[in-house]
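In: Quick check, what structure comes out for this input:
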Amino acid sequence: MDLMFAAIFLATGVIAGILAGFLGIGGGLVVVPLLSVVLPWVGIAPEKVMVIAVGTSLATIVFTAISSTYSHRKNNNVVWPAVFSLFPGLMFGAMLGATLGSQMDNNSLAIIFGGFCAFLSIYVIFGKRYVRPVADYGHSRGWLSLIGFFTGLISSLVGIGGGTMLGPALIWLGLEARRAVGTSATCGLLIAAFGSLSYVINGANEINMPEYTIGYIYLPAFFGIIATSVLFAPLGAKMATFFSERVIRTCLGIALAASAVKMFFSI
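Out: Here you go, the predicted model:
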């Protein structure tokens with residue numbers, strides 16, 4: 001049975017890594033729904049399943065995003081002025097989201113996760129770009145930081161990485177899809193780092209926690225997923241340079257819709 005779980009976690013890392021590089025979503029769209037199914041099998045109490053799934057997802061995203069960001073930087077797909085402008089909001093939003101998420105019940109987290117995924121899937125597939133793209137990200141720090149705050153808050157709350165929300169937002173602002181993916185992957189690293197640290201801190205004093213956990217992070221799943229995700233994220237990033245914007249947006253929309261369906265059926 002232990003070997004089966006190890007195989008599941010390793011396979012999850014492969015899919016999460018490819019999606020992180022290709023779509024800039026940090027892999028959380030795969031990790032959270034799958035862990036919500038697998039964690040009860042390994043003895044995690046039902047009331048702690050979603051919060052541990054979210055915390056573990058964010059922790060894996062740190063390593064996946066490092067690999068993905070490095071690849072996107074080499075391909076010149078990261079808009080650094082936008083990253084610097086978004087950073088303050090991302091940091092505080094991620095920490096607040098993790099704090100709120102650690103206090104919520106399973107169904108509430110599942111509803112929030114599914115609702116945002118469903119909304120974003122519709123926008124990504126059918127929405128249009130803003131008619132006047134913002135080019136000077138360095139001089140728009142106030143409202144970009146506000147966007148970063150809400151992105152960090154919601155992403156950390158449900159463990160899906162910043163790219164799930166920030167990628168569509170940057171596309172709406174007029175950024176080319178592959179550069180939106182690269183930039184959101186980089187921001188996802190910041191969200192995951194501050195968010196997962198907060199989940200560790202908030203779960204440190206929790207009583208009756210399962211074995212092999214640090215805070216709200218389940219270590220066997222964490223190590224299994226990152227073992228393969230960091231290897232396959234560069235492959236996903238390379239794939240993004242070969243596909244059209246329409247293909248990337250459609251794939252992102254389908255991934256969002258699938259995750260929304262999974263969460264709603266788990267309630």
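In: Helices of this protein, start to end?
Out: 2-23, 28-38, 49-74, 80-101, 106-126, 141-158, 163-172, 177-203, 219-240, 245-266 (DSSP state H).
In: can I get these in CSV with mean pLDDT and mean neighbour count?
Out: Just so you know, the C-beta spots here come from the backbone N, C-alpha and C atoms, and that holds for glycine as well. Output for the helices of the chain, formatted as CSV (pLDDT from 0 to 100; neighbours: other Cβ atoms under 10 Å):
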stretch, mean pLDDT, mean neighbour count
helix 2-23, 81, 21
helix 28-38, 80, 26
helix 49-74, 84, 27
helix 80-101, 87, 22
helix 106-126, 77, 19
helix 141-158, 80, 23
helix 163-172, 73, 27
helix 177-203, 85, 27
helix 219-240, 84, 22
helix 245-266, 74, 19
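In: Between these, which one is closest to Tyr212.
Out: Among those, helix 219-240 comes nearest to Tyr212, with 4.7 Å by Cβ to Cβ.
In: Could you export the helices of the chain as a markdown table, including distance to Glu211?
Out: Converted to a markdown table, the helices of the chain look like this (distance: least, Cβ to Cβ, whole Å):
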| stretch | distance to Glu211 |
| --- | --- |
| helix 2-23 | 13 |
| helix 28-38 | 15 |
| helix 49-74 | 12 |
| helix 80-101 | 22 |
| helix 106-126 | 20 |
| helix 141-158 | 25 |
| helix 163-172 | 31 |
| helix 177-203 | 14 |
| helix 219-240 | 9 |
| helix 245-266 | 24 |
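In: mind listing what the residue nearest to Ala204 when sequence neighbours are not counted touches?
Out: Of all residues not flanking Ala204 in the chain, Gly215 sits nearest, at 5.2 Å (Cβ to Cβ, 6 or more residues apart in numbering). Listed by Cβ atoms under 8 Å, 6 or more residues apart in numbering, the contact set of Gly215 reads 55, 199-204, 206.
In: where does Gly215 fall, phi/psi-wise?
Out: phi 60, psi -130 (degrees, to the nearest 10).
In: can you tell me how far it sits from Phe222?
Out: From Gly215 across to Phe222, the span is 11 Å (Cβ to Cβ, to the nearest Å).
In: Contacts only, for Ile217.
Out: 52, 55-56, 59, 196, 199-200, 203.
In: can you check Asn106 too?
Out: 46-47, 49-51.
In: Next: Leu235.
Out: 17-18, 21.
In: Ok, Ser67 next?
Out: Ser67 touches 17, 20-21, 229-231, 233-234, counting by Cβ under 8 Å, 6+ apart.
In: Show me the one of the helices of the chain that comes nearest Pro210.
Out: helix 49-74 (7.7 Å).
In: And that closest one, how far out from the chain middle?
Out: 7 Å (Cα atoms, centre = their mean, to the nearest Å).
In: now the angle from that helix to helix 163-172?
Out: 50 degrees (axes from the mean of the first three to the mean of the last three Cα atoms, to 10 degrees).
In: Distance-wise, check Leu219 relative to Ile52.
Out: 11 Å.
In: any common contacting residues for these two?
Out: With Cβ under 8 Å, 6+ apart, Leu219 and Ile52 have common neighbours Thr213.
In: Wait, Gly148 touches Gly89, no?
Out: Yes: contact criterion Cβ atoms under 8 Å: Gly148 and Gly89 qualify, at 3.1 Å.
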